[in-house]
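Colleague: Fold the stuff below for me.
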Amino acid sequence: MERITAALGMVGLLVLGVAAPAAATGPAPLAAQGCLGCHGPGGAGMASVPPLAGRDAQQIEAMLRGFRDDALPGTIMNRIARGYTDAEIAALAAYFAATR
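Modeller: Numbers count the residues shown, from 1 in each chain. Modelled structure (predicted):
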(Lines give C-alpha, C1' and ligand atoms only; values in the text may rest on other atoms or scores of the structure.)
Protein backbone atom coordinates (compact mmCIF):
# COMPACT_ATOMS: atom_id res chain seq x y z
CA MET A 1 0.00 0.00 0.00
CA GLU A 2 2.86 2.39 0.78
CA ARG A 3 4.34 1.77 -2.67
CA ILE A 4 1.03 2.63 -4.33
CA THR A 5 0.69 5.78 -2.24
CA ALA A 6 4.25 6.80 -3.11
CA ALA A 7 3.64 6.16 -6.81
CA LEU A 8 0.45 8.21 -6.78
CA GLY A 9 2.32 10.96 -4.95
CA MET A 10 4.92 11.02 -7.72
CA VAL A 11 2.16 11.26 -10.33
CA GLY A 12 0.73 14.18 -8.36
CA LEU A 13 4.09 15.95 -8.49
CA LEU A 14 4.23 15.43 -12.23
CA VAL A 15 0.75 16.85 -12.63
CA LEU A 16 1.73 20.06 -10.87
CA GLY A 17 3.97 20.88 -13.80
CA VAL A 18 1.02 21.34 -16.17
CA ALA A 19 -0.81 24.64 -15.86
CA ALA A 20 -1.39 25.67 -19.47
CA PRO A 21 -0.88 24.19 -22.92
CA ALA A 22 2.74 24.34 -24.00
CA ALA A 23 4.03 24.77 -27.49
CA ALA A 24 5.12 21.47 -28.93
CA THR A 25 8.38 23.06 -30.03
CA GLY A 26 9.33 23.81 -26.44
CA PRO A 27 10.05 21.38 -23.63
CA ALA A 28 7.29 18.99 -22.67
CA PRO A 29 5.18 20.00 -19.69
CA LEU A 30 6.30 18.14 -16.61
CA ALA A 31 3.23 15.88 -16.61
CA ALA A 32 3.80 15.05 -20.28
CA GLN A 33 7.32 13.94 -19.44
CA GLY A 34 5.77 11.35 -17.13
CA CYS A 35 3.81 9.99 -20.11
CA LEU A 36 6.98 9.40 -22.12
CA GLY A 37 8.15 6.54 -19.93
CA CYS A 38 5.42 4.31 -21.37
CA HIS A 39 4.36 6.16 -24.54
CA GLY A 40 7.93 6.58 -25.77
CA PRO A 41 10.07 9.56 -26.81
CA GLY A 42 7.86 12.43 -27.90
CA GLY A 43 4.80 10.28 -27.23
CA ALA A 44 5.46 8.36 -30.47
CA GLY A 45 4.37 5.04 -28.96
CA MET A 46 6.44 2.12 -27.75
CA ALA A 47 5.88 -1.62 -28.08
CA SER A 48 2.20 -2.26 -27.30
CA VAL A 49 1.63 1.22 -25.84
CA PRO A 50 -0.18 3.46 -28.36
CA PRO A 51 1.25 6.77 -29.59
CA LEU A 52 -0.06 10.09 -28.30
CA ALA A 53 1.88 12.36 -30.67
CA GLY A 54 -0.25 13.86 -33.41
CA ARG A 55 -3.56 12.53 -32.11
CA ASP A 56 -6.53 14.84 -32.11
CA ALA A 57 -6.63 16.90 -28.90
CA GLN A 58 -10.34 16.21 -28.38
CA GLN A 59 -9.70 12.47 -28.68
CA ILE A 60 -6.90 12.63 -26.10
CA GLU A 61 -9.07 14.69 -23.74
CA ALA A 62 -11.99 12.29 -24.09
CA MET A 63 -9.78 9.30 -23.41
CA LEU A 64 -8.12 10.86 -20.36
CA ARG A 65 -11.49 11.89 -18.93
CA GLY A 66 -12.82 8.40 -19.64
CA PHE A 67 -9.90 6.85 -17.76
CA ARG A 68 -10.24 9.39 -14.93
CA ASP A 69 -13.96 8.75 -14.53
CA ASP A 70 -13.58 4.95 -14.86
CA ALA A 71 -15.69 5.02 -18.03
CA LEU A 72 -12.85 3.37 -20.00
CA PRO A 73 -11.02 0.26 -18.86
CA GLY A 74 -7.30 0.64 -18.36
CA THR A 75 -4.37 -1.12 -16.81
CA ILE A 76 -2.80 1.91 -15.16
CA MET A 77 -4.22 4.92 -16.99
CA ASN A 78 -7.41 4.99 -14.94
CA ARG A 79 -5.28 5.35 -11.80
CA ILE A 80 -2.95 7.95 -13.29
CA ALA A 81 -5.68 10.07 -14.90
CA ARG A 82 -7.65 10.19 -11.65
CA GLY A 83 -5.26 12.91 -10.45
CA TYR A 84 -5.70 15.21 -13.46
CA THR A 85 -7.92 18.28 -13.47
CA ASP A 86 -9.76 19.33 -16.62
CA ALA A 87 -7.15 22.05 -17.20
CA GLU A 88 -4.31 19.55 -16.90
CA ILE A 89 -6.02 17.16 -19.29
CA ALA A 90 -6.48 20.00 -21.79
CA ALA A 91 -2.80 20.96 -21.48
CA LEU A 92 -1.64 17.38 -22.07
CA ALA A 93 -3.99 16.98 -25.02
CA ALA A 94 -2.83 20.25 -26.61
CA TYR A 95 0.82 19.33 -26.17
CA PHE A 96 0.58 15.84 -27.67
CA ALA A 97 -1.77 16.95 -30.48
CA ALA A 98 0.85 19.51 -31.56
CA THR A 99 3.72 17.02 -31.29
CA ARG A 100 4.67 15.30 -34.52
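Colleague: going forward, measure contacts and count neighbours with C-alpha atoms only.
Modeller: Will do.
Colleague: just the helices in this protein please.
Modeller: For the chain, the helices defined by DSSP state H cover 2-15, 30-39, 57-68, 77-81, 86-98.
Colleague: average model confidence for the first one?
Modeller: By that I understand helix 2-15. Averaged across helix 2-15, pLDDT comes to 44.
Colleague: Export the helices of the chain to TSV and append columns for distance to M46 and mean neighbour count.
Modeller: Shown next, in TSV, are the helices of the chain (distance: least, C-alpha to C-alpha, whole Å; neighbours: other C-alpha atoms under 10 Å):
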stretch	distance to M46	mean neighbour count
helix 2-15	20	14
helix 30-39	6	18
helix 57-68	17	19
helix 77-81	15	18
helix 86-98	15	22
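Colleague: Make sure P73 is actually in contact with F67.
Modeller: Yes. With contacts counted by C-alpha atoms under 8 Å, P73 reaches F67, the gap being 6.8 Å.
Colleague: okay, the helices of the chain in CSV with distance to A47 next?
Modeller: Putting the helices of the chain into CSV (distance: least, C-alpha to C-alpha, whole Å) gives the following:
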stretch, distance to A47
helix 2-15, 22
helix 30-39, 9
helix 57-68, 19
helix 77-81, 16
helix 86-98, 18
